[in-house]
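Novice: A structural model of the following input is requested.
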Amino acid sequence: MANDISGINSSRSQQAGERSVTGAKKESTGSSSSPTSSGSDKVSLTDTAARLKALEHQLTQQPEIDNKRVSSMQNAISNGDYKVDPERIADKMINFEASFNK
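Specialist: Take a look at the predicted model:
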(Lines give C-alpha, C1' and ligand atoms only; values in the text may rest on other atoms or scores of the structure.)
Protein backbone atom coordinates (compact mmCIF):
# COMPACT_ATOMS: atom_id res chain seq x y z
CA MET A 1 0.00 0.00 0.00
CA ALA A 2 1.47 3.38 -1.02
CA ASN A 3 1.16 6.40 1.26
CA ASP A 4 0.80 9.84 -0.27
CA ILE A 5 2.56 11.99 2.32
CA SER A 6 3.15 15.17 0.34
CA GLY A 7 -0.26 15.40 -1.33
CA ILE A 8 1.28 15.49 -4.82
CA ASN A 9 -0.65 12.43 -5.96
CA SER A 10 -3.83 13.17 -4.04
CA SER A 11 -6.18 12.53 -6.97
CA ARG A 12 -4.62 9.13 -7.63
CA SER A 13 -4.80 8.23 -3.94
CA GLN A 14 -8.47 9.13 -3.77
CA GLN A 15 -9.23 7.04 -6.85
CA ALA A 16 -7.46 4.04 -5.33
CA GLY A 17 -9.29 4.50 -2.03
CA GLU A 18 -6.07 5.11 -0.07
CA ARG A 19 -5.63 7.54 2.77
CA SER A 20 -3.01 10.28 2.95
CA VAL A 21 -1.39 11.30 6.20
CA THR A 22 0.21 14.72 6.69
CA GLY A 23 2.45 15.67 9.62
CA ALA A 24 2.05 12.40 11.48
CA LYS A 25 3.60 8.95 11.54
CA LYS A 26 1.42 6.21 10.07
CA GLU A 27 1.91 2.65 11.24
CA SER A 28 0.23 -0.45 9.93
CA THR A 29 -1.05 -2.67 12.74
CA GLY A 30 -2.10 -5.60 10.63
CA SER A 31 -2.30 -6.95 7.12
CA SER A 32 -5.68 -6.44 5.57
CA SER A 33 -6.68 -6.96 1.97
CA SER A 34 -8.52 -3.63 1.95
CA PRO A 35 -6.32 -0.50 2.23
CA THR A 36 -9.29 1.48 3.61
CA SER A 37 -9.90 -0.84 6.55
CA SER A 38 -10.26 1.42 9.61
CA GLY A 39 -8.78 -1.21 11.91
CA SER A 40 -5.43 -1.32 10.11
CA ASP A 41 -4.41 2.34 10.42
CA LYS A 42 -2.84 4.01 13.42
CA VAL A 43 -1.71 7.62 13.74
CA SER A 44 0.57 8.71 16.57
CA LEU A 45 1.80 12.16 17.58
CA THR A 46 5.47 12.97 17.76
CA ASP A 47 7.13 13.77 21.07
CA THR A 48 7.41 17.41 19.99
CA ALA A 49 3.68 17.64 19.30
CA ALA A 50 2.88 16.15 22.70
CA ARG A 51 5.23 18.62 24.42
CA LEU A 52 3.66 21.53 22.53
CA LYS A 53 0.21 20.39 23.63
CA ALA A 54 1.35 20.26 27.27
CA LEU A 55 2.91 23.72 26.96
CA GLU A 56 -0.28 25.08 25.42
CA HIS A 57 -2.24 23.69 28.38
CA GLN A 58 0.16 25.35 30.84
CA LEU A 59 -0.20 28.69 29.07
CA THR A 60 -4.00 28.54 29.21
CA GLN A 61 -3.72 28.18 32.99
CA GLN A 62 -1.77 31.44 33.32
CA PRO A 63 -3.66 34.69 34.01
CA GLU A 64 -3.88 37.06 31.05
CA ILE A 65 -2.83 40.05 33.15
CA ASP A 66 -0.14 40.09 35.82
CA ASN A 67 -1.96 42.22 38.39
CA LYS A 68 1.11 42.52 40.65
CA ARG A 69 3.17 43.98 37.82
CA VAL A 70 0.38 46.35 36.81
CA SER A 71 0.08 47.61 40.40
CA SER A 72 3.83 48.13 40.76
CA MET A 73 3.98 50.02 37.45
CA GLN A 74 1.02 52.20 38.46
CA ASN A 75 2.68 52.99 41.79
CA ALA A 76 6.02 53.78 40.13
CA ILE A 77 4.35 56.14 37.64
CA SER A 78 2.28 57.81 40.37
CA ASN A 79 5.32 58.29 42.62
CA GLY A 80 7.50 59.56 39.79
CA ASP A 81 9.88 56.61 40.18
CA TYR A 82 9.31 55.23 36.67
CA LYS A 83 12.13 56.38 34.44
CA VAL A 84 12.13 56.03 30.65
CA ASP A 85 15.51 55.29 29.06
CA PRO A 86 15.14 56.59 25.48
CA GLU A 87 18.48 55.12 24.35
CA ARG A 88 17.48 51.65 25.52
CA ILE A 89 14.12 51.95 23.75
CA ALA A 90 15.83 53.12 20.53
CA ASP A 91 18.29 50.20 20.69
CA LYS A 92 15.47 47.71 21.18
CA MET A 93 13.55 49.19 18.22
CA ILE A 94 16.63 49.03 15.98
CA ASN A 95 17.34 45.40 16.98
CA PHE A 96 13.70 44.49 16.37
CA GLU A 97 13.75 45.99 12.89
CA ALA A 98 17.12 44.41 12.12
CA SER A 99 15.77 40.97 13.01
CA PHE A 100 13.49 41.15 9.96
CA ASN A 101 16.45 41.56 7.60
CA LYS A 102 18.11 38.29 8.56
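
Novice: can you give me the helices for this structure?
Specialist: With DSSP state H, the ranges of helices along the chain come out as 10-16, 47-61, 67-79, 86-98.

Novice: for Ser40, which of those is the nearest?
Specialist: Closest approach to Ser40 among those (CB to CB): helix 10-16, 15.2 Å. In this view, the C-beta of every residue, glycine as well, is placed from N, C-alpha and C.

Novice: with mean neighbour count and mean pLDDT added, can I get the helices of the chain in CSV?
Specialist: Formatted as CSV, the helices of the chain follow (neighbours: other CB atoms under 10 Å; pLDDT from 0 to 100):
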stretch, mean neighbour count, mean pLDDT
helix 10-16, 12, 44
helix 47-61, 9, 90
helix 67-79, 10, 95
helix 86-98, 9, 95
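
Novice: dump the ones you listed to TSV, plus distance to Asp41.
Specialist: Formatted as TSV, the helices of the chain follow (distance: least, CB to CB, whole Å):
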stretch	distance to Asp41
helix 10-16	14
helix 47-61	18
helix 67-79	49
helix 86-98	46
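
Novice: no further questions, thank you.
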